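Colleague: Below are the sequence and a predicted model for it; my questions follow.
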Amino acid sequence: MKAKIALLLVLISSLFVKAQLRDSTFFQVSPQLNKTRVNTVAIGGGGLAIGSLAGLYFAWYADYPQSKFHFVNDNNNWGLMDKIGHMTTTYNVGLIGYDMLKWSGVSENKSVWYGGLSGFTYLTIVEVMDGFSENWGFSWGDMAFNTMGAASFIAQQKIWKEQRIMFKFSVHMSEYAQYNPALLGDGWQEQWLKDYNGQTYWLSVNPWSFTKNENNWWPRWLNIAGGYGIDGYVSADGSNPNYPDIISQSQYYLSLDVDLRRIKVKNDFLRTVLHTISFIKIPAPAIEFNQKSGGTRFHWLYF
């Protein structure tokens, strides 16, 4: 859940930073190094990062006992959903960081590395904070998936100069929070963050980008997405001792998606908004593959 909070804070900070520059072209990418924008990104982003970490401490850690720095192996929890969440968050924070630096006129190479590592750096600090909390601990599993998220963004940008495979997120309310609201959330305001049963993580692939043939019939903005989710996890390990009739399982999905970054728009503000929310998987028909129902299930519109 902390990884999703980090992503939300970066989204807010990216829009906040851009809104500080009141010129008629401030949503346009600077063709050359713009020191005013660079300073605004550095000071605004850094200040918000420090403030968010302080807020996270008081909201998340302050009510729990502190301990000596220690490690924890939580790789068997939540069917790896929390780990995939770390990877998705690190990737998208890196993508937004890259956008902010390019908007400021920073060179491509520096934007890739500094932006791409921004999410990794932020979540590493959060992981260290976990290490000093008695209820959690520093997880090498989290760090491995943080590394994969940052590496996925950097590698694609260096090799292809674009993102052809994106990590995305979608959410719906599940029926399981009622059985363990303390863990899965009390009300929708908490459930969308805490209840992994209602979350789906996606690899969204853009077929057109691999050919870039203008005569290709496939729309350049249409993606094919593969998703992963879980169902029936009332407890972290899915054992559900108090609810033996609830069976935990993994779910896999195949769906279509929209690459919001490839939609051509003339309005600079609208283009910025589409880029900023591009981590969201667009609701679409989907085929679900699972264990519980013994095969497949079709969704006319899956969130």
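Modeller: Alright, I've got the coordinates. Residues are numbered from 1 along each chain as shown.

Colleague: CA atoms for contacts and neighbours, from now on please.
Modeller: OK.

Colleague: Per the annotation, how does this protein divide into domains?
Modeller: Here the chain is described, according to automatic domain parsing, as comprising the domains 1-161, 164-303.

Colleague: need the strands for this protein, in chain order.
Modeller: Counting by DSSP state E, the segments of the chain that form strands are 165-171, 199-205, 222-231, 249-258, 284-290, 296-302.

Colleague: Pipe these into TSV and attach mean neighbour count and mean pLDDT per row.
Modeller: Formatted as TSV, the strands of the chain follow (neighbours: other C-alpha atoms under 10 Å; pLDDT from 0 to 100):
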stretch	mean neighbour count	mean pLDDT
strand 165-171	23	97
strand 199-205	24	98
strand 222-231	22	97
strand 249-258	20	96
strand 284-290	18	95
strand 296-302	13	93
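
Colleague: Need the ones you listed in JSON lines (columns: distance to residue 149).
Modeller: Output for the strands of the chain, formatted as JSON lines (distance: least, C-alpha to C-alpha, whole Å):
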{"stretch": "strand 165-171", "distance to residue 149": "8"}
{"stretch": "strand 199-205", "distance to residue 149": "12"}
{"stretch": "strand 222-231", "distance to residue 149": "16"}
{"stretch": "strand 249-258", "distance to residue 149": "20"}
{"stretch": "strand 284-290", "distance to residue 149": "25"}
{"stretch": "strand 296-302", "distance to residue 149": "25"}
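
Colleague: among those strands, which is nearest residue 83?
Modeller: Between residue 83 and the strands of the chain, the shortest gap by C-alpha to C-alpha is with strand 199-205, which sits at 10.6 Å.

Colleague: Output stretch 128-138 as PDB, restricted to C-alpha atoms.
Modeller: Extracted in PDB, the C-alpha atoms of stretch 128-138 (Å, rounded to 0.1, in the frame of the first residue of the first chain):
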ATOM      1  CA  VAL A 128      14.700   1.400   5.200                       C
ATOM      2  CA  MET A 129      11.900   2.900   7.300                       C
ATOM      3  CA  ASP A 130      10.300  -0.500   7.300                       C
ATOM      4  CA  GLY A 131      13.500  -2.000   8.500                       C
ATOM      5  CA  PHE A 132      13.300   0.000  11.700                       C
ATOM      6  CA  SER A 133       9.700  -0.800  12.400                       C
ATOM      7  CA  GLU A 134       8.900  -3.900  14.600                       C
ATOM      8  CA  ASN A 135       5.800  -4.700  12.600                       C
ATOM      9  CA  TRP A 136       7.600  -4.800   9.300                       C
ATOM     10  CA  GLY A 137      11.200  -5.100   8.200                       C
ATOM     11  CA  PHE A 138      13.500  -4.500   5.300                       C
END
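
Colleague: buried stuff in that stretch?
Modeller: For stretch 128-138, burial by neighbour count (16 or more other C-alpha atoms under 10 Å) applies to 128, 129, 130, 131, 132, 133, 136, 137, 138.

Colleague: ok, of the domains of the chain, where does mean pLDDT dip lowest?
Modeller: Looking over the domains of the chain, mean pLDDT reaches its minimum on domain 1-161, with a mean of 85.

Colleague: For residue 153, see how far away the spatially closest residue to residue 279 that is not a sequence neighbour is.
Modeller: Leaving aside its chain neighbours, residue 279 sits nearest to residue 168 (4.7 Å; criterion: C-alpha to C-alpha, 6 or more residues apart in numbering). With the distance defined as C-alpha to C-alpha, to the nearest Å, residue 168 ends up 13 Å from residue 153.

Colleague: Next: residue 211.
Modeller: Distance of residue 211 to residue 153, given as C-alpha to C-alpha: 20 Å.

Colleague: higher neighbour count, these two?
Modeller: The residue with more neighbours, out of residue 211 and residue 153, is residue 153; 28 against 9, by other C-alpha atoms under 10 Å.

Colleague: Can you name the two of the buried residues of stretch 128-138 that sit furthest apart?
Modeller: 128 and 136 (10.3 Å).

Colleague: and residue 291, what does it touch?
Modeller: 249, 250, 251 (C-alpha atoms under 8 Å, 6 or more residues apart in numbering).

Colleague: Quick test: name the residue nearest the centre of the chain.
Modeller: In the chain, the C-alpha nearest the mean C-alpha coordinate belongs to residue 89, at 3.0 Å (C-alpha atoms, centre = their mean).

Colleague: I figured that residue hits residue 148, correct?
Modeller: No. Judged on C-alpha atoms under 8 Å, residue 89 makes no contact with residue 148 at a distance of 10.8 Å.

Colleague: so how far is residue 272 from residue 112?
Modeller: Between residue 112 and residue 272 the distance is 18 Å, computed by C-alpha to C-alpha.

Colleague: An error on my part: the question was meant for residue 124.
Modeller: For residue 124, the distance to residue 272 (C-alpha to C-alpha) stands at 28 Å.
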